[in-house]
Each structure stands twice: as structure tokens, then as C-alpha cells.
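>>> Sharing a model prediction with you, sequence too.
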Amino acid sequence: MNKNEPRIKTGLDTLCDNLPDCLKGRRLGLLANPASITSQFEHAKDVLSRFFPGQICALFSPQHGFFAEKQDNMIESGHFRDPDLNIPVFSLYSETRIPTADMFAPIDTLVIDIQDVGTRVYTFIYTISYCLEMAAKLGRSVVILDRPNPVGGVQVEGNILEAESASFVGRYPIPMRHGMTIGEITTYINTSQKIGCDLTVIPMQGWTRDMYWQDTGLVWIPPSPNLPTPLSAMVYPGQVIFEGTNLSEGRGTTLPFEQFGAPYVDIHTLKQRVQDRLEGIVLRPVCFQPTSGKWQNHTCQGVHIHITDRKKYKPYLYSLILLQEIMKAHPNEFQFKAPPYEYEFERLPMDLILGSRKLRENLEAMNAPLELEKAWQKPLQEFRQESQAFYLYGV
């Protein structure tokens, strides 16, 4: 192997080496965005056009748009025609999050090449799940081109989503950090939810479960605007909970999710109260001024998370600890964000993000997150055992 080549091959790279028979002679659709590239930066649309000329009949895009240009939640992208192929591009984050029968009419097989980030609330897996359901209903097939879980496939963390908190940021009973690749979790959903779609996964080569993105040799292309680096993806399974509060999660800054805060936060007291309890990270006090989103053009006091030991770092638990300490120190200033959030207009966004109203109530009651973590271990282990049956890769 050339020293400049990546250590692994994605499903798209694997396809280039060995064209799958299941795509030959089929009318193809492609669900993709800018991260859908080969190791040589060729987009999946161009790869399929080259190897299967004239067969691509429709393109599809997830949240944030085909070009990942839309910044935030509930910012819809429109449908358009692709100027290169002169075919429709259907947005699955528009007036509908669910593909229609008309959208699937031009295709026999939907190819999906989407970079997931291993976190329950990231909506791409639910867009895929709706595609599976429509494909099964219409007798279409789906082919997943697998990609790495950027935060590894060993650590699994968090409470299991409860049915009453199901939404577009959590359709199924899975933990916040699920430890599966996009191909693995799609197969898990197809089977566990009894969707019954004709599904094929084109696996990666060389990826192992202990790999984080930095170990793959691949170039990171942001799958959405506010996950600009592998480090932002590493903190995201925890820091995303601040979307459900009046704290800035760092949107509108150059370090989304890596830093968070608000004008009212006493960062030095916060750091003193939590630093010894959070292994594997250092909290560096910062001031920042978001150019958009919460606290736009206001100076926020906060912290920047620096990961020093990824094996010890528990992003979800640690963000719960940080959240509760801020609630405790600033009872008059802190607030949970009011609806709407991801097209839910009644339930609290925090309940949807946490996947549990009870967990939010326990945090408000000042029950210790370490004790809450103990309570979700049994269902978490049950999920781990069940999901392992769908693993395509070893450690």
C-alpha cells in the first residue's frame, strides 16, 4: 500500500474495485451528500454514472441538503434537477421527511452512501429508515455503501430511547451512542423493526471496531455544516444535548459542539466543580460570540472540550454532568428550550434529545448522573448483545 493511501476502503471504494451484480441493469437512485466520496475525492454520483452509464434516474438528499448547505434544524432544502445528469433531486428534508411513491417511481434500486456519526439523534438513519419502508412497500431494493463510524464501534453509551419520546431525532429504542456503522445499524433497523426491505450492504475493507476516524487515513468531509472536524463528531454524542437548552452549543462559531456556554455561565466555578470528575478531557475556559443561532452577537462564557484520552472520555455522561452543574449554579438564568424542534410542536426538545422525559425530570430533581447511568446499564447491555448479531467487522 502506498503510504499516502488510506488504511481502509469505504463501501464506495469497494464498489469501484468490484461492481456488484445487484446494480447491473437496474434503474438507480442515489441518496447522498458532499461526504459521499471515494478516497480520491470522486463523488458517488460520478462513480455510479461512470460505471453504470444511463442508469441513475433520481438523486435524493437528507437533512442539510444535497450540498449540505443548510445550517440548522427545520431549515428545509428544495427539490431541483441535477444539471449534469438532468434528473430530479428529491429533498427528504422538505415538505416531507418521508419519500413518496412518486419519488421512487423512476427507480428499481436505491443506493445509499451517507456518512453517519454514530449518534441516535443524527437524523440520517431515520431518513434511511423511511426509505427502507417505502422500498419494502413498493418492492424496490436498497443497497448501502458502508462507511466508518467516526467515533468507533467499541464504546456504546447512554439510555435507551423510550417510546413516548420518539421523534425524527429518535425513532427506535437505541442508545445515544450506538457503536454501529451505517450499514450495520440499517440492517439492525430493517430486521428489528420488521421492515423486510430487500437490503444489501457493500462492506468496507480494513475497518475495525476500535478505529476512530483519525485512524482510517480518510479525509473528513463534513456530513453536515456543524460537524466540521472529527473532533466535533467525537464530542457530539454528548454536546448535542445543549440544543435542548438556552445554552449555545457553539453553532455560529468555528468550534460547534467543541465549545458551549452562555453569557450567564460562571465558567471558573463550573470548571472547579467538574474537572476532577471528567476523565480523559480538559475543559479550557473560553469566551466566544456566535454569529448566528442562540446568543447571536452576545459574548458567551463557556468551555472548550479538549480530549486527552478517548478511551476514558464518556461524551454523553459528561455532558449530563455539565448540564446539571449549570442548572444548579444558575437556576434563574438556565432554561430548557421551548418547542418547536424537528417538527415537534408540543413536547420539550430536551425530552426528544435525551429520549426520555424521566431522565430530564431526574436531572431537574438533582439526581446524580452517575446514579442515572447505573440505572440504564442493563437495557444498554441488552442492546449491545442484540446489536452484535449485526456487526460486520471485528476489533
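Okay, I see it. Residues are numbered from 1 along each chain as shown.
>>> Helix or strand: which one has the closest residue to Leu31 other than its chain neighbours?
Excluding the flanking residues, the one nearest Leu31 by CB to CB, 6 or more residues apart in numbering is Phe60, at 4.2 Å. Heads up, the C-betas are built off the backbone N, CA and C, glycines and all. Taking DSSP states H and E as the definition, Phe60 sits inside strand 56-61.
>>> Remind me what that strand packs against, helices and strands.
Other elements packing on strand 56-61 under the criterion 3 or more CB pairs under 8 Å, 6 or more residues apart in numbering; DSSP states H and E are strand 28-31, helix 44-51, strand 87-91.
>>> I'd say the residue nearest to Leu31 and Ser36 touch.
No. Applying CB atoms under 8 Å as the test, Phe60 and Ser36 come out as separate, 11.2 Å apart.
>>> anything in contact with each of those two?
Leu30 (CB atoms under 8 Å, 6 or more residues apart in numbering).
>>> and Gly206, how many neighbours?
Applying other CB atoms under 10 Å, we find 16 residues neighbouring Gly206.
>>> quick one, what contacts the residue sitting nearest the centre point of the chain?
Centroid-nearest residue in the chain: Tyr122, 3.2 Å away (criterion: CA atoms, centre = their mean). The contact partners of Tyr122, taken as CB under 8 Å, 6+ apart, are Asp116, Tyr236.
>>> quick thing: my sequence starts at 51, can you match it?
Okay, using 51 as the starting number, the last item reads as Tyr172.
>>> Check it and give its pLDDT.
Looking at Tyr172, its pLDDT stands at 97.
>>> how close does it sit to Met261?
Going from Tyr172 to Met261 by CB to CB, to the nearest Å gives 19 Å.
>>> Over to Asp158?
From Asp158 to Met261 the distance is 34 Å (CB to CB).
>>> So between the two, which is more surrounded?
Met261 (23 against 18).
>>> Check what pLDDT the more buried one gets.
97.
>>> Ok, Tyr391 next?
The model's pLDDT for Tyr391 equals 94.
>>> Ok, Pro365 next?
Looking at Pro365, the pLDDT reads 98.
>>> list the contacts for it?
Glu207, Arg227, Met284, Val285, Tyr286, Pro287, Gly288, Gln289.
>>> Go through those residues and flag which are in helices.
Met284, Val285, Tyr286, Pro287, Gly288, Gln289 (DSSP state H).
>>> Can you tell me which of these is closest to Phe140?
Of all the ones in helices among the contacts of Pro365, Tyr286 has the smallest distance to Phe140: 27.0 Å, by CB to CB.
>>> so how far is Val315 from the nearest residue to the closest one once chain neighbours are set aside?
Excluding its sequence neighbours, the residue lying closest to Tyr286 (CB to CB, 6+ apart) is Phe307, at 5.2 Å. As judged by CB to CB, Phe307 and Val315 stand 16 Å apart.
>>> So for these two, which residue has more residues nearby?
Using other CB under 10 Å as the criterion, Phe307 and Val315 rank with Phe307 on top: 28 against 23.
>>> quick check: domain ranges of this structure?
For the chain, automatic domain parsing gives the domain ranges 61-266, 280-414.
>>> circling back to that earlier point, list the contacts for the residue nearest to Tyr286?
Asn276, Leu277, Ser282, Val285, Tyr286, Gln289, Val290, Glu299, Gly300.
>>> Asn276 is in contact with the third one, correct?
Same thing as Ser282. Yes. Counting by CB under 8 Å, Ser282 does reach Asn276; the two are 7.2 Å apart.
>>> list residues touching both of those two?
The contact sets of Ser282 and Asn276 overlap at Pro306, Phe307 (CB under 8 Å, 6+ apart).
>>> related to what we said a few turns ago, give me whichever of the helices and strands packed on strand 106-111 is most buried.
Highest mean neighbour count of the helices and strands packed on strand 106-111: strand 78-81, a mean of 27 (counted as mean count of other CB atoms under 10 Å).
>>> list the helices and strands that strand packs on?
Judged by 3+ CB pairs under 8 Å, 6+ apart, strand 78-81 is in contact with helix 94-101, strand 106-111, strand 159-162, helix 174-188.
>>> In TSV: the ones you listed, plus distance to Gln346.
Putting these into TSV (distance: least, CB to CB, whole Å) gives the following:
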stretch	distance to Gln346
helix 94-101	35
strand 106-111	27
strand 159-162	35
helix 174-188	27
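>>> which SS state does the spatially closest residue to Glu414 that is not a sequence neighbour fall under?
Leaving aside its sequence neighbours, Glu414 sits nearest to Met377 (CB to CB, 6+ apart; 7.2 Å). When classified by DSSP: H, G, I helix; E, B strand; the rest coil, Met377 comes out as helix.
>>> ok, so what distance separates Met377 from Ser282?
Met377 is 24 Å from Ser282, where distance means CB to CB.
>>> And those two? Which one has more around it.
Set Met377 next to Ser282 and count neighbours by other CB under 10 Å: Ser282 wins out with 22 against 17.
>>> For the more buried one, what are phi and psi?
When read as degrees, to the nearest 10, the backbone of Ser282 gives phi -60, psi -40.
>>> wait, what's in contact with it?
Ser282 touches Asn276, Leu305, Pro306, Phe307, Glu308, counting by CB under 8 Å, 6+ apart.
>>> Most neighbours of all these, which one?
Phe307 (28 neighbours).
>>> For that residue, give me the pLDDT.
Confidence score, pLDDT, at Phe307: 98.
>>> Run through the strands of the stretch 201-350 of the chain in chain order.
Using DSSP state E, counting those that start in this stretch, the strands of the stretch 201-350 of the chain run over 248-252, 309-312, 331-338, 350-357.
>>> residues contacting the residue nearest to Pro138 when sequence neighbours are not counted?
Nearest in space to Pro138, with sequence neighbours left out and distances taken as CB to CB, 6+ apart, is Ala108 at 5.3 Å. Residues counted as contacts of Ala108 (CB under 8 Å, 6+ apart) are Gly79, Leu80, Ile137, Pro138, Val139, Phe140, Met153, Pro156, Ile157.
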